[in-house]
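Asker: Show me the folded form of this:
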Amino acid sequence: MSRAGASAAAMAFGFALSFILPGGRAVAADGDIVIRADPPREVGWFLGDVLVWRGEITAPAGRVLDPASLPKTGPIDAFTELSSVSLESKVVDGGVRHDLTLVYQSFYVPLEPKEIAMPGATLAFWSGEAPGAGSELLTLPAWKVVLSPLRPIMARSSAAAMRPDEPLAVIDTVGRQWTVAAAWTGFLVLALGFAWYRGIGPFGLRRSRPLAAAWRAMRARRPEPGYGERLLALHRGLDAAFGRRVVAADLGECLAARPHFAALRGDLEAFFAASRRFFFDGDARQAEASLPGRALVLLARRLAAIERAGAP
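Answerer: Purely as a prediction, here's the structure:
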């Protein structure tokens, strides 16, 4: 072998010695990069524990660590991730010492003690000031830890390990049932009272309310009654309410028989006057001017209210 070949082989052998030897120390020839690794302990780890790997890398002067070659944070596999990477560098005798800290976390859930391996990493060093010049690679060693299960090893499920069933609790709802029944009864009584008061449904047969019927006819929307139809509707309602054909001359006698309508005497006289102008004089404009349609409907409403409250 030539002298140049022997020199190259010696350098390669010296660089190979830069890997970890038993005891966690790397031994290298002078001028080579030296790494001393401090991996976490091998056993006693559980789900979610943080695993910290520390390494001390000493490089001779002129060897510059390429920061792009540092491990990248993120998932390593489906259950392990590299959480953080920190690097501190300081000048020492004859070179630079890099203190590298890698923080891992595993989320693997073993059913029994399980050994997992953390992969190594490769760092690059420049041999000059220019990036990439004479690049030299250094491999960080892989390491292993044992994850322990959260339950006893080889534990088996059994009926004795299960919690007893909760006792059946029966809720007494009798009180609430009575409350609901009372509420529905009260609602029904109020609804029947309202129907009786307004003459709705079968209660409408109890007594005739012709004035209320006249008021509803005057308020119809489809078809909307005209002014003359509203006058006729109220005439029919008054005739039915007083039990006779009511004209203006008989108004006093009718009110004496039904005094609860006497409060509206002036309005009724205005109604009969407007009716006379509309039907006998043929002056619809003057009739509606003396008693507008809205006032006519309001009069019918007031008559219906008195009928509902005070009719025998």
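
Asker: quick one: least confident helix or strand in this protein?
Answerer: helix 3-16 (a mean of 36; mean pLDDT, DSSP states H and E).

Asker: Report all helices and strands that the helix or strand that comes right after that helix contacts.
Answerer: Next helix or strand after helix 3-16 toward the C-terminus (DSSP states H and E): strand 34-38. Packing partners of strand 34-38 (3 or more CB pairs under 8 Å, 6 or more residues apart in numbering; DSSP states H and E): strand 50-60, strand 136-140. Placement of C-beta: from N, CA and C, glycine included.

Asker: can you list contacts of the helix or strand following the first one?
Answerer: Okay, so that is strand 50-60. Under the assignment DSSP H and E, the closest C-terminal helix or strand after strand 50-60 is strand 64-65. With contact meaning CB atoms under 8 Å, 6 or more residues apart in numbering, strand 64-65 is reached by 57, 59, 87, 89, 96, 98, 123, 124, 125, 126, 128, 129.

Asker: what's across from the fifth one in the sheet?
Answerer: Right, the one you point to is residue 96. residue 59, residue 91 (DSSP bridges).

Asker: Let me know the distance separating it from residue 34.
Answerer: Per CB to CB, to the nearest Å, residue 96 is found 11 Å from residue 34.

Asker: shared neighbours of these two, anything?
Answerer: 58, 59.

Asker: what about the helices in the stretch 51-200 of the chain?
Answerer: 174-198 (DSSP state H, counting those that start in this stretch).

Asker: rewinding a little: nearest to residue 202, out of the helices and strands packed on strand 34-38?
Answerer: Of all those, strand 50-60 sits nearest to residue 202, with 82.0 Å by CB to CB.

Asker: Go through that closest one and flag the buried ones.
Answerer: 51, 53, 55, 57, 58, 59 (16 or more other CB atoms under 10 Å).

Asker: coming back round to it: between the contacts of strand 64-65, which is closest to residue 201?
Answerer: Nearest to residue 201, judged by CB to CB, of the contacts of strand 64-65 is residue 87 at 90.5 Å.

Asker: List the residues that contact the residue nearest to that closest one when sequence neighbours are not counted.
Answerer: Setting aside the residues directly before and after it, residue 87 is nearest to residue 100 in space (CB to CB, 6 or more residues apart in numbering), at 5.4 Å. In this structure, residue 100 makes contact with 54, 55, 56, 57, 70, 85, 86, 87, 140, judged by CB under 8 Å, 6+ apart.
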